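# would you be able to build a 3D model of this:
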Amino acid sequence: MAALSEKPTAVYRRSRWQSMDAKEARLAWALISPTALIVFGLVLFPAFFSIWISFRDVTLGNLNDVFHAPFVGWDNYRAVFNDFAFKWQGFDSWGAAVTSIVYTLTATILTLVTGLIASLVLNRPFRGRGLTRAIFLFPYVAPIVSVAYVWRWLLDPKPSGVLNDVLMGLGIVDLPLAFLSTRGIAIIVVIFFEAWRYFPFAMLMILARLQAIDSTLYEAAEVDGANTWQQFWNVTLPELRYVLGAIFLLRLMWTFNKFDDIFLLTGGGFGTNVLPVLTYQFSFKQFNFGRGAATAMILLAILVVFMAFYIGIVMRNIDED
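Residues are numbered from 1 along each chain as shown. Presented below is the predicted three-dimensional model:
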């Protein structure tokens, strides 16, 4: 009897293995396995490995035997928080944490506002609109190294620098200005550079939503006597609130993790040192990889806190509306 009962079970399992659903499931796993391995190898494993390194004393001396690096607990985090390059030293020296927050929020808001203005301009028909759109897209598609060094040439403190030459020719300044090596001015320059480089991203997303707004809404507002500003405030902005919220969140995350823009322009000096640059300095200048990983984890924690606040409060209020 036991043999008879086991035989139908084996037949059932074999039929399930050969069924169309089982074949589709195996095909699906086979198709996603390469991507899953790549994501694990390039994203998940480095992320968890960074957390592990942040609690270890990993330097250039024991890099060849990193898995046996001594455990130091929270010492790397305490060293980062106590480092003069990280913490607030006064209004003359903000520290990397405060500089990152100020730089990220200001650049993100300026990017969003500039993209909104550009999209409103391009949403109206005029001669040469296609060419204007292509020109607006140039900062976003151009290689970062090229545009960064063009900006450095424009802002060169030598008299041969384009901006200094123009200002001195107009009699506005008597001596060349060091825009990228003057504390206070340098952070303003990198903020404007960030907004100039990435406003086309916001422009494209906002423009796509603008062109999808029902024109009858504007016709109804015009019949009710609304002027251009009232139509923008009461019709356009409410229709754009979801895309504006999404752009703000995306650009804030990307800007907060941005390394190459500031590094190519100022190297993190003159009041522009942000957490990604500080992570690089700890890891590849001081060769203290444990402290660099701890800095990256602090950066991640600040970003997660803001995202939780933004998604939990701001986006919930949008949904309630």
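# all contacts plus neighbour counts: C-alpha atoms, from now on.
Fine.
# any stretches of this structure with poor pLDDT?
1-18, 89-92, 313-321 (pLDDT under 70).
# centre-most residue in it?
Centroid-nearest residue in the chain: residue 254, 0.5 Å away (criterion: C-alpha atoms, centre = their mean).
# residues contacting that one?
Contacts here follow C-alpha atoms under 8 Å, 6 or more residues apart in numbering; on that basis residue 254 touches nothing.
# does residue 94 lie in a helix or a strand, and which?
Assigned by DSSP states H and E, residue 94 belongs to neither a helix nor a strand.
# wait, it touches residue 273, no?
No - if you go by C-alpha atoms under 8 Å, residue 94 and residue 273 don't touch, sitting 9.2 Å apart.
# ok, those two, which is more surrounded?
Between residue 94 and residue 273, residue 273 has the larger neighbour count (other C-alpha atoms under 10 Å), namely 27 against 20.
# not counting its neighbours along the chain, what's nearest the more buried one?
Once flanking residues are discounted, residue 273 sits nearest to residue 96: 5.3 Å by C-alpha to C-alpha, 6 or more residues apart in numbering.
# from residue 172, how far out is that neighbour?
33 Å (C-alpha to C-alpha, to the nearest Å).
# which of these two has more residues huddled nearby?
residue 96 (24 against 10).
# what about the closest residue to residue 247 other than its chain neighbours, how many residues nearby?
Closest residue in space to residue 247, ignoring its immediate chain neighbours: residue 202 at 6.4 Å, by C-alpha to C-alpha, 6+ apart. By other C-alpha under 10 Å, the residues close to residue 202 number 25.
# in which helix or strand does residue 202 reside?
Using DSSP H and E, the element containing residue 202 is helix 185-210.
# next structured bit after that helix?
Sequence-wise, the next helix or strand downstream of helix 185-210 (DSSP H and E) is helix 215-223.
# how far out from the middle of the chain is that next one?
Offset of helix 215-223 from its chain centre (C-alpha atoms, centre = their mean, to the nearest Å): 37 Å.
# buried stuff in that helix?
Using 16 or more other C-alpha atoms under 10 Å as the test for burial, helix 215-223 gives 218, 221.
# show me what that helix is packed up against.
helix 228-231 (3 or more C-alpha pairs under 8 Å, 6 or more residues apart in numbering; DSSP states H and E).
# quick one, the next helix or strand after the helix it packs on and helix 185-210 angle?
Following helix 228-231 in sequence order, the next helix or strand is helix 237-256 (DSSP H and E). Comparing the axes of helix 237-256 and helix 185-210 via axes from the mean of the first three to the mean of the last three C-alpha atoms, to 10 degrees yields an angle of 140 degrees.
# could you dump helix 237-256 to CSV, C-alpha only?
The C-alpha trace of helix 237-256 is given here as CSV (Å, rounded to 0.1, in the frame of the first residue of the first chain):
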residue,chain,number,x,y,z
LEU,A,237,1.0,74.6,-9.8
PRO,A,238,-1.7,72.2,-8.4
GLU,A,239,-1.4,70.1,-11.6
LEU,A,240,2.4,70.0,-11.2
ARG,A,241,2.6,69.2,-7.5
TYR,A,242,3.2,65.5,-7.9
VAL,A,243,5.9,65.8,-10.5
LEU,A,244,7.5,68.7,-8.5
GLY,A,245,7.6,66.5,-5.4
ALA,A,246,9.1,63.6,-7.3
ILE,A,247,11.8,65.8,-8.9
PHE,A,248,12.7,67.4,-5.5
LEU,A,249,13.1,64.0,-3.9
LEU,A,250,15.2,62.6,-6.7
ARG,A,251,17.4,65.6,-7.1
LEU,A,252,17.9,65.9,-3.4
MET,A,253,19.1,62.3,-3.1
TRP,A,254,21.4,62.6,-6.2
THR,A,255,22.9,66.0,-5.1
PHE,A,256,23.5,64.8,-1.5
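# could I get the buried residue list for it?
Buried residues in helix 237-256, counted by 16+ other C-alpha under 10 Å: 239, 240, 244, 245, 247, 248, 249, 251, 252, 253, 255, 256.
# gap between it and the chain center?
The answer for helix 237-256 is 12 Å, by C-alpha atoms, centre = their mean.
# immediately after the strand or helix carrying residue 151, which helix or strand?
Using DSSP H and E, the element containing residue 151 is helix 144-154. As assigned by DSSP H and E, the chain's next helix or strand after helix 144-154 is helix 162-169.
# what comes into contact with that next one?
153, 154, 155, 156, 157, 158, 159, 173, 174, 175, 176, 177.
# likewise stretch 131-146?
With C-alpha under 8 Å, 6+ apart as the test, stretch 131-146 has contacts from 122, 147, 196, 197, 198, 199, 200, 201, 260, 261, 264.
# can you tell me how far the fourth one sits from residue 151?
Note on residue 197: its distance to residue 151, by C-alpha to C-alpha, is 11 Å.
# these two: which has the busier surroundings?
Using other C-alpha under 10 Å as the criterion, residue 197 and residue 151 rank with residue 197 on top: 22 against 17.
# which residue is the nearest non-sequential neighbour of that one?
Nearest residue to residue 197, sequence neighbours excluded (C-alpha to C-alpha, 6+ apart): residue 139, at 4.8 Å.
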